[in-house]
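1. here is a sequence together with a model predicted from it:
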Amino acid sequence: MNDVDGDAQDGGSGYGDPWDWVNVLKTGNLIFEMAFYGDGPAVPRLQDALDYLSRTWNDPSGDPGWGNGAEPHYQAMYCIMKGLEYRGIETLVVDGVERDWFNDFADAIIANQQEDGSWPWDYWGGTLLATEWALLTLEKSAPPVAEVNGQCILAGESFEPVDLDETVDPNNPGTPPYTWTVSGNVDLLVALDDENVMTVTYPEGWIGEEVLTIGCEDASRRSTVSYPTFTVCANPQVLDIPDQTAPFTPIDLNNYIAGIDPSDVIWNITGAPESWTVTIDENNVATITAPGDASDPAVLTFTATSIACSCEEPSSSDQATFIFNQPPDCSAAYADPSDLWPPNHKFVSVAILGVSDPDGDPTEIEILAITSDEPTATDKGSGGAKHAPDAQGVGTNTPQVRAERSGKRNGRVYQVLFSAQDTGGAECSGSVTICVPHDQGGGNDCIDDGQRYDATAIN
């Protein structure tokens, strides 16, 4: 193609070199070749070639023009027709007026037909050759224009079947019926049925893209080729990101992605309150930080979006709840056993039950103190100093109290003070009581006369 530098040959096609013997015949061939190369209608060099045709359209010579208004150049008309017809170009703008180029050709050809039905020799050939060019131009026949579109799907999805006959441009159909060929696939599996319906499948677990070569030949042996790309993209799947209770720990998001290489996704976290800080570092480790006075839980959405798919941006999400640790509840605590009998001076281990945690966290009991409403050694009617003190287990999780009481009083009441701590460090405190009754008769409930004595000491 001649360069566009302001001379009369701008956009035209030469012979051995761009500037050598530029004319409309070669330019028509060039437009046809551009289509096979893949130049779209907006490619500048195609527009330059069309501009050259428009400028030369009314040149009466057979070289560089096609003989408009004088002796037609039939081969030049044929070559121009092939290029413009294949590109679907119906008109040219000549001297500011839109012209139907084929009508100009048809008028010139019909006007110059001889009585015997032939056409006279022209600039490039004798009568026989001129007649062939003229008839072929009037036929205005070009290869079929078929464009098979590529498809892009996510792993696990299926390609849509393609009726190849339906891909032929109805304005440029060539001569049906069509014979189709498909090649170029390596891993993709391609099937073509008797109705020219193409089915493309892929092996399980396969990710990638392949360019198919699809050829269409019409009944006149004219053919065209298209090169659609069929793509299977990895489909990211975000796994179950666990909920957290403050203090929050960093999350390695690479551990929560499946179906795709972790380096092929971008993470985004939404839903955090405005006062919270959420960061994701270059290794996809997320850090969630809440201010010290925060107390309300927040539900965060973690989204992974693929950056490896050329035609889609598949993504997947999961939600996790971030809450603040609530302390255990000691208000319903009780001792088991809560009554000891007989008063045989022996130690009995007591379990503290009924402590709960609103977050479901396990709790650890610690005994803080054990008191009694009776002294351990000096009270008459009990075991005396020989069996004192009457409690142990402070600092452990299981208190032990002696099955002991004064026969002269109204039963002994032990009180165990304890704390309960959950795994987050929050705690509550409470107390339980244990009764050693006076006897097993009716109305044998213990009466607490005041927790004045340390049951773990001799007093």
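-> Yep, that arrived.
2. could you check how many residues crowd around Asp445?
-> By other C-beta atoms under 10 Å, the residues close to Asp445 number 12. The C-beta positions use only the backbone N, C-alpha and C, and glycine is treated the same way.
3. no wait, Pro328
-> Residues near Pro328, counting by other C-beta under 10 Å, number 26.
4. ranges for the strands of the stretch 101-250 of the chain?
-> 151-154, 162-163, 179-183, 189-192, 197-201, 208-211, 213-217, 223-226, 229-233, 237-238, 244-245 (DSSP state E, counting those that start in this stretch).
5. parallel or antiparallel, which strands does the last one pair with?
-> I take that to be strand 244-245. strand 315-323 (parallel) (DSSP bridges).
6. show me what the mean pLDDT comes to for the partner strand.
-> Average pLDDT, strand 315-323: 97.
7. with stretch 129-140 instead?
-> In the prediction, stretch 129-140 has an average pLDDT of 89.
8. format the strands of the stretch 101-250 of the chain as JSON lines; extra columns: distance to Asn268.
-> JSON lines is the format used below for the strands of the stretch 101-250 of the chain (distance: least, C-beta to C-beta, whole Å):
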{"stretch": "strand 151-154", "distance to Asn268": "19"}
{"stretch": "strand 162-163", "distance to Asn268": "36"}
{"stretch": "strand 179-183", "distance to Asn268": "40"}
{"stretch": "strand 189-192", "distance to Asn268": "36"}
{"stretch": "strand 197-201", "distance to Asn268": "33"}
{"stretch": "strand 208-211", "distance to Asn268": "26"}
{"stretch": "strand 213-217", "distance to Asn268": "39"}
{"stretch": "strand 223-226", "distance to Asn268": "38"}
{"stretch": "strand 229-233", "distance to Asn268": "19"}
{"stretch": "strand 237-238", "distance to Asn268": "11"}
{"stretch": "strand 244-245", "distance to Asn268": "18"}
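9. okay, the ones you listed, which one's buried deepest?
-> Ranked by mean neighbour count under mean count of other C-beta atoms under 10 Å, those are led by strand 229-233, which reaches a mean of 21.
10. helices or strands up against that one?
-> strand 151-154, strand 208-211 (3 or more C-beta pairs under 8 Å, 6 or more residues apart in numbering; DSSP states H and E).
11. CSV for those, including distance to Val413 and mean pLDDT?
-> Shown next, in CSV, are the helices and strands packed on strand 229-233 (distance: least, C-beta to C-beta, whole Å; pLDDT from 0 to 100):
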stretch, distance to Val413, mean pLDDT
strand 151-154, 71, 96
strand 208-211, 79, 96
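12. contacts for stretch 259-268?
-> 155, 234-237, 253-254, 257, 280, 284, 286, 302-308 (C-beta atoms under 8 Å, 6 or more residues apart in numbering).
13. ok, 7 Å please
-> 155, 234-237, 253-254, 257, 280, 284, 302-308 (C-beta atoms under 7 Å, 6 or more residues apart in numbering).
14. give me the buried subset of these.
-> Taking 16 or more other C-beta atoms under 10 Å as the criterion, what is buried in the contacts of stretch 259-268 is 155, 234-237, 253, 257, 280, 284, 302-306.
15. next, Asp59: secondary structure please.
-> Classification of Asp59 using DSSP: H, G, I helix; E, B strand; the rest coil returns coil.
16. per-residue confidence at it?
-> Asp59 is assigned a pLDDT of 89 by the prediction.
17. which residues does it contact?
-> Asp59 makes contacts with 65, 68, as judged by C-beta under 7 Å, 6+ apart.
18. one step back: among the helices and strands packed on strand 229-233, which comes closest to Ala49?
-> The minimum distance between Ala49 and the helices and strands packed on strand 229-233 falls on strand 208-211, with 27.5 Å, by C-beta to C-beta.
19. tell me what that closest one is packed against?
-> Applying 3 or more C-beta pairs under 7 Å, 6 or more residues apart in numbering; DSSP states H and E, one finds that strand 208-211 contacts strand 229-233.
20. neighbouring strands of the strand it packs on in the sheet, and parallel or not?
-> In the sheet, strand 229-233 lines up with strand 151-154 (parallel), strand 208-211 (antiparallel) (DSSP bridges).
21. show me the contact partners of it.
-> By C-beta under 7 Å, 6+ apart, strand 229-233 touches 150-155, 159, 188, 200, 202, 206-212, 306, 309-312, 314.
22. ditto for stretch 290-307
-> By C-beta under 7 Å, 6+ apart, stretch 290-307 touches 233-234, 236, 238, 241, 246, 253, 257, 260, 264-273, 275-276, 288, 313-324.
23. greatest separation within the buried ones among the contacts of stretch 259-268: which pair is it?
-> Across those, no pair lies farther apart than Ala155 and Ile280, at 24.7 Å, counting by C-beta to C-beta.
24. which stretch among the strands of the stretch 101-250 of the chain comes nearest His438?
-> strand 244-245 (48.1 Å).
25. what about the closest one, average pLDDT?
-> Rounded mean pLDDT across strand 244-245 is 90.
26. same question for stretch 398-414.
-> Per-residue scores along stretch 398-414 average to 95.
27. show me the chain divided up by domain.
-> 24-139, 151-233, 237-323, 334-454 (automatic domain parsing).
28. lowest average confidence across the ones you listed, which one?
-> It's domain 24-139: among the domains of the chain, that one has the lowest mean pLDDT, namely a mean of 89.
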